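Novice: below are the sequence and a predicted model for it; my questions follow.
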Amino acid sequence: MKIAFTWDYELFFGEQSGSVEKCMIYPTERLLEIAEKYQAKFTFFVDTGILVKGQEISEFSTELKAIEAQIQHWDSSGHETGLHIHPHWEDAVWNKGWKFDLKRYKLADFSKEEVPVIFDKYIDKLQSLTLQKIVSYRAGGWCIQPFDWHKSSFEKHAIRIESSIFQGGKNETHPYQYDFTKAPLKEKWNFEFDECSEDKNGSFTEIPIAAQTYSPLFFWRLFVLGRLFPSQHKSIGNGSPAKGGGSRKDFLTKYNHLCVSADGYFVTQIEKAIRDAEKRGWERIVIIGHPKACTQFSLKYLDKLISKLSKKHQIVCLRDLEK
């Protein structure tokens, strides 16, 4: 099986954005060390708004240079760079740290005339840093719908691979807005106008993020471990998440259908997801993660996991799953 570990490379978007060093640079260095150790290749979806907005702020120049240097390092090492757009950066304000207004969180919150302008300047900035051609995209907050707001930009910049959706996913809580409940239960498919509707002659390939249902017991374990061993289970990133992703009460009392993730304690469920995919006869799977949400526990676990998986499977870039 081909396994793509994909990492959304970004700050937090809540009241505290966190530092570039702890949310991005340090945990990504650890991830790259693991990848090099086992000759694995990762895909990093760069939240490019930080590059565009950051170049306007002189006080941010040191952090910006560190981000750009890290992108160029993984690019030269053969890892994939994908475009990741959180357009609320258009409204971000610098005040000894980044402050975000999430009223315009997704591209659909902008006008149809503004969307291609945002897309153009973001991908042009990111492509200026990489030698490899950018061919993959992930929408910020999974908010890819409606796709027709993205279509002309995909065509213009030859973006072939879309990887925002996870089958069965749905969230209508502000600032999120997505519904993937009608997506095909397949490991990949072509589409043209609607990422959840297969078109065998479509111009684009959807390679969805793996998904599974998590029981309340899983979150109770996570909650208890976090209380007992905070140094191991607290996120390395030092910011706070945007609201709307689910409450603690919901996680502790209900079953939740979510992405298969390498974040924190979620890393322990990856092998189960791979076995489930194999039972379906699938030959590829996509895992999502965020450097900012890595923990000391998850990095140690991931090291052992990649060592084990690499003996049987291929750990490759997302683009390698296209064929």
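Specialist: Arrived safely. In this text the structure is predicted, and so the values were computed from the model without any measurement. Residues are numbered from 1 along each chain as shown.
Novice: phi, psi for Y176 please.
Specialist: Comment: the main-chain dihedrals of Y176 come out as phi -80, psi 160, following degrees, to the nearest 10.
Novice: could you point out the longest strand in this structure?
Specialist: Within the chain, and with DSSP state E defining each element, the longest strand by residue count is strand 2-9.
Novice: each with direction, which strands does it pair with?
Specialist: Using DSSP bridges, the strands paired with strand 2-9 are strand 43-47 (parallel), strand 284-289 (parallel), strand 314-315 (parallel).
Novice: pull the residues that contact the first one.
Specialist: The contact list for strand 43-47, computed with Cβ atoms under 8 Å, 6 or more residues apart in numbering, reads 4-11, 28, 71, 74, 79-86, 89, 126, 136, 138, 140, 317-319. From N, CA and C alone the C-beta is placed, and that goes for glycine too.
Novice: send over it as PDB, restricted to the C-alpha atoms.
Specialist: What follows is strand 43-47 as a C-alpha-only set of coordinates in PDB (Å, rounded to 0.1, in the frame of the first residue of the first chain):
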ATOM      1  CA  THR A  43       3.700  16.300   1.800                       C
ATOM      2  CA  PHE A  44       3.500  19.700   3.400                       C
ATOM      3  CA  PHE A  45       0.500  21.900   2.700                       C
ATOM      4  CA  VAL A  46       1.800  25.300   3.300                       C
ATOM      5  CA  ASP A  47      -0.700  27.900   4.700                       C
END
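Novice: how close does the closest residue in space to F229 that isn't next to it in sequence get to Y26?
Specialist: Leaving aside its sequence neighbours, F229 sits nearest to F297 (Cβ to Cβ, 6 or more residues apart in numbering; 7.6 Å). For F297, the distance to Y26 under the criterion Cβ to Cβ, to the nearest Å works out to 16 Å.
Novice: more neighbours: these two, which one.
Specialist: F297 (19 against 16; other Cβ atoms under 10 Å).
Novice: list the contacts for the more buried one?
Specialist: Contact analysis of F297 by Cβ under 8 Å, 6+ apart lists L225, F229, Q232, H233, G264, Y265, V267.
Novice: in JSON lines: the residues you listed, plus distance to Y301 and pLDDT.
Specialist: Compiled in JSON lines, the contacts of F297 are given as follows (distance: Cβ to Cβ, whole Å; pLDDT from 0 to 100):
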{"residue": "L225", "distance to Y301": "12", "pLDDT": "94"}
{"residue": "F229", "distance to Y301": "13", "pLDDT": "96"}
{"residue": "Q232", "distance to Y301": "10", "pLDDT": "96"}
{"residue": "H233", "distance to Y301": "11", "pLDDT": "96"}
{"residue": "G264", "distance to Y301": "10", "pLDDT": "97"}
{"residue": "Y265", "distance to Y301": "9", "pLDDT": "97"}
{"residue": "V267", "distance to Y301": "5", "pLDDT": "98"}
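Novice: among the residues you listed, which lie within helices?
Specialist: Residues of those located in helices (DSSP state H): L225, Q232, H233.
Novice: the residue nearest to the second one when sequence neighbours are not counted sits in which helix or strand?
Specialist: So the one you mean is Q232. The spatial neighbour of Q232 that comes closest, neighbours along the chain excluded (Cβ to Cβ, 6+ apart), is F297 at 4.3 Å. F297 belongs to helix 296-309 when assigned by DSSP states H and E.
Novice: ok, now I118?
Specialist: Secondary structure here is read from DSSP H and E; on that basis I118 sits in helix 114-127.
Novice: report all helices and strands that that helix contacts.
Specialist: If contacts are counted by 3 or more Cβ pairs under 8 Å, 6 or more residues apart in numbering; DSSP states H and E, helix 114-127 sits against helix 49-54, strand 80-85, helix 151-156.
Novice: so which of these is the most packed in?
Specialist: Stretch with highest mean neighbour count among these: strand 80-85 (a mean of 25; mean count of other Cβ atoms under 10 Å).
Novice: give me the mean pLDDT for that strand.
Specialist: Rounded to a whole number, the mean pLDDT of strand 80-85 is 98.
Novice: what angle sits between it and helix 114-127?
Specialist: Orientation of strand 80-85 against helix 114-127 (axes from the mean of the first three to the mean of the last three Cα atoms, to 10 degrees) gives an angle of 150 degrees.
Novice: what's strand 80-85 in contact with?
Specialist: Where contact means Cβ under 8 Å, 6+ apart, the residues beyond strand 80-85 that reach it are 6, 8-10, 41-49, 71, 74-75, 107, 118-119, 122-123, 126, 129-130, 132, 134-140, 159, 161, 163, 317-319.
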